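A.B. asks: Provided below are the primary sequence and the corresponding predicted coordinates.
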Amino acid sequence: MPKNKDISPSPIKEDQCLDLALRPQTFKEYVGQENIKNNIQIIIDASKKRKEPCIEHLLFYGGSGLGKTTLSYLVAKEMGVGVRTIAGPSIKKSGDLAAILTNLREGDVLFIDELHRINRVCEEIIYPAMEEFMLNLIIGKGPMARTMNLKVPRFTLIGATTRLALLSSPLRSRFGATFRLDSYNEEEIKAIIKRSSSLLGIKIEKDAISSIASRSRFNPRVANRLLKRVRDFSEVEGKKKITKEDACSALSFLDVDKMGLESGDRKILEVLLKKFNGGPAGLQSLAIASAEEEETIIEIYEPYLIQIGFIKRTPRGRVITEKAKTYLRNGRS
């Protein structure tokens with residue numbers, strides 16, 4: 001079954017340009033994660049007072065769409081330096097890493113997304129780059145092999161991951177500060193939708209903002225995506241201002257209910273209830289019974305279902321809760 005693109009927190013190519021336009025340009029514009037922002041600001045201010053070219057390496061972890069990439073860009077902007085972005089899986093050889101690091105300028109930020117998927121060989125090479133700003137490369141093979149030490153500009157590495165446990169202990173320990181991004185509350189999501197509406201030139205009622213926020217899974221990326229879909233429906237229908245009824249009608253058409261669940265989420269719950277008598281059910285069995293991939297269940301459906309108390313993880317497998325049973329009995333109301 002394909003994922004519903006509107007509630008998936010993963011980036012979607014056709015929305016990336018708009019996402020860039022909606023990205024906060026200052027820490028003041030960045031809604032939520034107040035403790036993290038304050039800590040980062042202290043780190044940056046202290047580094048500036050010491051007149052250091054870069055700050056300590058930072059590690060951000062948390063679910064998709066919570067603002068890890070945005071924070072990284074804001075760090076670079078606050079420091080007044082450039083930022084180079086790369087995905088962990090794309091770094092496959094030591095030469096790839098060497099090319100990236102040697103092309104950085106003094107003080108630049110290197111942002112590696114999906115850090116837990118970086119090649120293990122490259123991970124070993126990045127250690128001296130993080131600590132001593134040196135690359136220790138092996139040139140050639142066999143008896144003719146030799147070691148070359150290559151100096152790289154001083155830089156700040158910012159890593160982002162959704163799976164902190166998959167990072168090796170040696171890599172985690174080399175970051176000067178580690179921050180966990182939490183889910184947003186409804187008021188913060190409303191503030192984000194209100195700001196995005198203003199930037200996109202959308203006229204929207206307060207109640208309509210609340211309706212979108214309640215279905216957003218408390219995730220900024222999902223909230224902005226739903227806002228854009230609701231805008232599309234309103235434009236097609238010739239509406240000049242989005243009302244609560246317009247928002248609810250569009251979201252219902254998208255199959256997103258008042259809890260922010262869509263058909264894939266409900267199928268997981270129904271399979272647990274009907275085929276496994278409420279559980280416990282192992283991940284592999286649940287994936288087969290629901291015709292979903294295990295990774296899709298773990299990364300897309302399960303986090304939110306656990307967050308709202310619809311599923312529990314036990315040593316024996318996944319178990320549906322009474323709260324979820326009540327939800328299924330009452331339908332989508």
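C.D. replies: Perfect, I can see it now. On a predicted model such as this, the values are computed, not experimentally measured, just so you know.
A.B. asks: Break this protein down into its structural domains.
C.D. replies: Here the domain parsing of the chain from automatic domain parsing is 33-180, 186-253, 263-329.
A.B. asks: nearest to residue 25, of these?
C.D. replies: Among those, domain 33-180 comes nearest to residue 25, with 7.3 Å by CB to CB. C-beta here means a position set from N, CA and C on the backbone, and glycine is covered the same way.
A.B. asks: helix/strand/coil for residue 221?
C.D. replies: Secondary structure, DSSP: H, G, I helix; E, B strand; the rest coil: residue 221 is helix.
A.B. asks: Neighbours of it, how many?
C.D. replies: By other CB atoms under 10 Å, 25 other residues sit near residue 221.
A.B. asks: contacting residues around the helix or strand harbouring residue 36?
C.D. replies: Residue 36 is part of helix 34-49 when elements are defined by DSSP states H and E. Outside helix 34-49, the residues that touch it by CB atoms under 8 Å, 6 or more residues apart in numbering are 27, 30, 54-56, 58, 71, 75, 78-79, 176-177, 179, 181.
A.B. asks: How about exporting stretch 96-110 as CSV, limited to the C-alpha atoms?
C.D. replies: Extracted in CSV, the C-alpha atoms of stretch 96-110 (Å, rounded to 0.1, in the frame of the first residue of the first chain):
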residue,chain,number,x,y,z
ASP,A,96,33.8,11.2,-1.3
LEU,A,97,34.4,12.4,2.2
ALA,A,98,37.8,13.9,1.4
ALA,A,99,36.4,15.9,-1.5
ILE,A,100,33.6,17.3,0.7
LEU,A,101,35.9,18.3,3.6
THR,A,102,38.7,19.8,1.5
ASN,A,103,36.2,22.0,-0.4
LEU,A,104,34.9,23.6,2.8
ARG,A,105,36.0,27.1,3.8
GLU,A,106,37.3,28.0,7.2
GLY,A,107,34.4,27.9,9.8
ASP,A,108,31.8,26.4,7.4
VAL,A,109,29.1,24.1,8.7
LEU,A,110,28.9,20.6,7.2
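A.B. asks: ok, and what's touching it?
C.D. replies: Looking at what lies outside stretch 96-110 - CB under 8 Å, 6+ apart - the contacts are 53-54, 72, 75-76, 79, 81-84, 86, 90-91, 122, 125-126, 129, 135, 137, 150, 152-158.
A.B. asks: same deal with stretch 260-274?
C.D. replies: With contact meaning CB under 8 Å, 6+ apart, stretch 260-274 is reached by 1, 3-4, 6-7, 214-217, 222, 254-256, 278-279, 281, 286, 289-290, 292, 297, 300-302, 304-305, 310-311, 318-320, 324-325, 327-328.
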